[in-house]
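**Q** got a sequence here, can you model it:
(one chain, ligands or ions: 1)
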Amino acid sequence: MNGKRAVVTGAASGIGQAVALRMLRDGEQVLAVDLDAARLEPVREAGAEVLVADLGTAEGCDAVASVGAGADHLVNAAGIIRLRDIFTMPRDEFRDIFRINVESVFFLCQQLGPTMPSGGAIVNLSSISAKLTATLETAAYAASKTAILAITRSFAYALAPQDVRVNAICPGIIDTPMQDRVLEEVARLRGITASELSDLRTATVPLGRGATPDECAAAICFMLSDAASYMTGQAINYDGGMVM
Ligand SMILES: NC(=O)c1ccc[n+]([C@@H]2O[C@H](COP(=O)([O-])OP(=O)(O)OC[C@H]3O[C@@H](n4cnc5c(N)ncnc54)[C@H](O)[C@@H]3O)[C@@H](O)[C@H]2O)c1
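**A** The predicted structure is shown next:
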């Protein structure tokens with residue numbers, strides 16, 4: 001990916017950070033975007049240009065679109081999760097999840113996609129929760145991740161004439177700060193320990209483990225690369241076999 005330019009959102013943590021670091025190692029120029037200025041420091045030190053922006057706002061997306069115009073690659077990894085019982089999920093939290101997880105993906109595809117050169121590619125972070133209902137406390141999050149699959153297909157059609165590919169990845173259990181929060185909060189709601197819940201969840205994974213952020217980043221970089229040049233509009237499970 002030497003000489004290419006990328007925009008990576010959610011680059012201050014977890015999967016987005018691992019993608020940014022992997023791209024920098026491969027010689028790609030990276031615009032690393034996140035709300036959290038302090039935690040962008042590792043990617044800045046590794047050579048990324050950083051942009052602090054709230055992607056849940058039009059102004060935040062506009063700032064990314066203006067600095068990132070013409071990039072070869074876009075990875076939409078910024079996202080939030082709120083764990084709630086499905087019957088008590090408040091409307092404002094539901095809207096926050098959609099504002100950040102869904103609107104940022106739609107509007108960054110809309111604003112950056114048409115500026116991308118032939119051979120460009122986008123990967124949107126969906127989730128295995130878009131395909132499998134196992135954790136009811138993530139119902140609103142799962143709805144947002146399912147919306148991302150429709151957005152991915154629509155932009156795959158819209159950008160195909162300019163040879164820009166758009167795919168989604170559906171990770172299962174990736175060991176990131178978000179995953180730690182999910183374990184702690186769902187365990188609390190169910191009255192068990194995070195370690196007990198972790199064992200129960202891992203037992204549902206045929207490969208018997210979660211993945212590192214860098215393993216997930218490797219799959220994302222493959223989907224962006226020319227090695228995947230005929231793949232568009234797909235939703236690739238990356239889940240140790242949870243969904244086959
Ligand atoms: N970790 C998993 O197991 C897993 C599984 C399936 C899908 N995903 C998805 O992968 C993506 C990355 O997840 P992660 O586990 O690395 O999460 P994470 O919480 O470690 O990182 C998410 C990043 O997004 C940033 N962010 C949140 N709201 C923002 C906003 N309004 N504007 C800008 N940045 C914002 C956060 O500051 C954080 O740095 C998310 O979209 C998540 O839903 C993760």
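
**Q** C-alpha only now, for contacts and for neighbours.
**A** Fine.

**Q** can you tell me the helix or strand for L108?
**A** Element membership for L108 (DSSP states H and E) is helix 104-112.

**Q** residues from the protein in reach of the ligand?
**A** With Cα under 6 Å from any ligand atom as the criterion, the chain meets the ligand at residues 10-16, 34-36, 53-56, 77-80, 100, 125-127, 171-179.

**Q** got phi/psi on the nearest residue to R44 once chain neighbours are set aside?
**A** Take R44 and drop its neighbours on the chain: the residue closest to it by Cα to Cα, 6 or more residues apart in numbering is V50, 6.2 Å away. The phi/psi pair for V50 (degrees, to the nearest 10) reads phi -110, psi 150.

**Q** thought V50 was touching L35?
**A** No: look at V50 against L35 with Cα atoms under 8 Å: they stay out of range, at 10.5 Å.

**Q** quick one on the thing from earlier: weed out the non-buried ones from the residues of the chain next to the ligand.
**A** Taking 16 or more other Cα atoms under 10 Å as the criterion, what is buried in the residues of the chain next to the ligand is 10-16, 34-36, 53-56, 77-79, 100, 125-127, 171-175, 179.

**Q** ok, residues contacting stretch 221-241?
**A** Residues outside stretch 221-241 that contact it (Cα atoms under 8 Å, 6 or more residues apart in numbering): 1, 19, 23, 73, 119-123, 127-128, 149, 152-157, 165-173, 205-211, 216, 243.

**Q** what separates it from the chain centre, distance-wise?
**A** With Cα atoms, centre = their mean, to the nearest Å as the basis, stretch 221-241 stands 13 Å off its chain's centre.

**Q** can you tell me the average pLDDT over it?
**A** The average pLDDT within stretch 221-241 is 98.

**Q** any idea how far apart the tips of it sit?
**A** Taking Cα to Cα, to the nearest Å as the measure, stretch 221-241 stretches 20 Å from start to finish.

**Q** got it, and stretch 82-92?
**A** One end of stretch 82-92 to the other measures 11 Å (Cα to Cα).

**Q** for this protein, give me the ranges with low pLDDT.
**A** The model of the chain has pLDDT under 70 over residues 1.

**Q** all strands of it, in order?
**A** Here the chain has its strands, by DSSP state E, at 5-9, 29-34, 49-52, 73-76, 121-125, 165-171, 235-238.

**Q** okay if I get these as a markdown table plus distance to L136?
**A** Putting the strands of the chain into a markdown table (distance: least, Cα to Cα, whole Å) gives the following:
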| stretch | distance to L136 |
| --- | --- |
| strand 5-9 | 27 |
| strand 29-34 | 28 |
| strand 49-52 | 32 |
| strand 73-76 | 24 |
| strand 121-125 | 20 |
| strand 165-171 | 17 |
| strand 235-238 | 20 |
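
**Q** nearest to A63, of those?
**A** Proximity to A63, assessed across these by Cα to Cα, is greatest for strand 49-52 (8.4 Å).

**Q** buried residues, the longest helix along the chain. List them.
**A** When the chain is parsed with DSSP state H, its longest helix is helix 139-159. For helix 139-159, burial by neighbour count (16+ other Cα under 10 Å) applies to 139-149, 151-153, 155-156, 158-159.

**Q** what of stretch 235-242?
**A** Residues A235, I236, N237, Y238, D239, G240, M242 are the ones in stretch 235-242 that count as buried (16+ other Cα under 10 Å).
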